[in-house]
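Chemist: Got a predicted model here, sequence first, then my questions.
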Amino acid sequence: MDLLINIDLKKLPEPISYHDRIMLIGSCFTEHIGNALGDLKFAIVQNPNGILFGPDSVCKSLLSYTRNKKYTKNDIFLLNEVWNSWHHHSRFSNINPDECLRLINTSQQAAHEFLQKTDWLIITLGSSFAYRLTQQAEPGSEIIGNGVANCHRAPANWFTKEMLETADIKYMLEDCLKQLKQFNPALKFIFTVSPVRHIRDGVVENNRSKARLIESVHYIVNKFESAFYFPAYELVIDVLRDYRFYDIDLVHPNYAATEFVLEKFSTTCINEGSQELMQEIKKIVIARKHKAFQPDTKSHQQFLISHFEKVRSLKAKHSFLNLDEELMYFSQT
């Protein structure tokens, strides 16, 4: 008896390896993948603007990296005593406008330099809804009608909300990929659609929104040989299909669900040699997180010495790995 729907997961023709540089951008589900890859010592940069949900904000941000856009005080605004950018997550916000701009432009510069040599760009789209500024918004450099990536808890009457048409999403994604390929011809893409449901938009509206993203992404994957689709959405919605795989809000996939998706991502998108190395590094990472109640005991000192040698041996075999933090930790004998 089959209790799960089988999804035919196709392996990438040239899977990701530890020698590749990976940029991830998009919704909060992006960060589940990115954090996992980062913990396992892949070379990554994730969400240089912070979490982004819509294709409009994702495309606008990516193109700003190719142009190495520099933000000025005309690009930020003051709300509730804090300076913010409509195009960045609140982690860039600051009571000091110069510090706000420093954080933004440092991230922009790093993203520009990394994207020049990036091998894989993983894009996770979360919603087809877009928010645009109205006449009621505070005066600033932003032109009324422009889309925003983050509303920063501004008054609701500062925005209009619309669901992007499928044709518009296709156009902006296609134009973005063409410009990205001009900037970095070797760039390859993996698209996913976030399984996080935007229930605040309404159940029916969320399904319509996701459907437009899925249709648009498959249009792009069929058009570009360097673009691929990983079915994170389908793995949660169609394979797991149960609220026990969701957090208490019944919207966000829980630990078990994200681990399931990450396992499938590894087997289909990462080459076998790197998968083996991932298991070795995972053991080191788990040991690094070990908290000793009695750090002065001989057994803990032996634990540190043993793992220091394991890390040093791993570093000797794989010099491209950044294991400096682990070497420092285990050297505390």
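Modeler: It's in. Numbering: from 1, shown residues only.
Chemist: any chance you could map the strands in the stretch 201-333 of the chain?
Modeler: All strands of the stretch 201-333 of the chain, identified by DSSP state E, counting those that start in this stretch, fall at 227-229.
Chemist: Sketch out the low-pLDDT regions of it for me.
Modeler: Low-confidence regions of the stretch 201-333 of the chain, defined here as pLDDT under 70, cover residues 333.
Chemist: which residues in it form helices?
Modeler: For the stretch 201-333 of the chain, applying DSSP state H, counting those that start in this stretch gives helices covering 203-223, 232-234, 255-269, 272-288, 298-317, 324-330.
Chemist: Can you list the helices and strands that the second one packs against?
Modeler: I take that to be helix 232-234. Taking 3 or more Cβ pairs under 8 Å, 6 or more residues apart in numbering; DSSP states H and E as contact, the helices and strands that helix 232-234 lies on are strand 188-193. Yep, even glycine has a C-beta here, placed from its N, CA and C like the rest.
Chemist: ok, 10 Å please
Modeler: Using 3 or more Cβ pairs under 10 Å, 6 or more residues apart in numbering; DSSP states H and E as the contact criterion, the secondary-structure elements in contact with helix 232-234 are helix 28-39, strand 120-125, strand 188-193, helix 203-223, helix 255-269.
Chemist: Serialize the ones you listed to CSV and add fields for distance to Gln109 and mean neighbour count.
Modeler: Formatted as CSV, the entries for the helices and strands packed on helix 232-234 read as follows, by distance: least, Cβ to Cβ, whole Å; neighbours: other Cβ atoms under 10 Å:
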stretch, distance to Gln109, mean neighbour count
helix 28-39, 19, 20
strand 120-125, 18, 26
strand 188-193, 23, 24
helix 203-223, 28, 17
helix 255-269, 28, 17
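Chemist: Which one of those lies nearest to Arg91?
Modeler: In this view, those are compared for proximity to Arg91 by Cβ to Cβ, and helix 28-39 is the closest at 11.7 Å.
Chemist: helix or strand right after that closest one?
Modeler: strand 43-46 (DSSP states H and E).
Chemist: ok, residues contacting that following strand?
Modeler: Defining contact as Cβ atoms under 10 Å, 6 or more residues apart in numbering, one finds that strand 43-46 is touched by 18-26, 30-31, 33-38, 65, 107, 110-111, 113-115, 117-120, 122, 320-322.
Chemist: okay if I get the helices of the stretch 201-333 of the chain as a markdown table plus distance to Phe92?
Modeler: As requested, these are arranged in a markdown table below (distance: least, Cβ to Cβ, whole Å):
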| stretch | distance to Phe92 |
| --- | --- |
| helix 203-223 | 25 |
| helix 232-234 | 26 |
| helix 255-269 | 25 |
| helix 272-288 | 28 |
| helix 298-317 | 34 |
| helix 324-330 | 25 |
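Chemist: Look at Leu323 and say how many residues are nearby.
Modeler: Other residues within reach of Leu323, judged by other Cβ atoms under 10 Å, total 19.
Chemist: Verify the contact between it and Leu277 for me.
Modeler: No. With contact defined as Cβ atoms under 10 Å, Leu323 does not count as touching Leu277 (11.8 Å).
Chemist: Mutual contacts of these two, please.
Modeler: Residues touching both Leu323 and Leu277 (Cβ under 10 Å, 6+ apart) are Lys41, Leu314.
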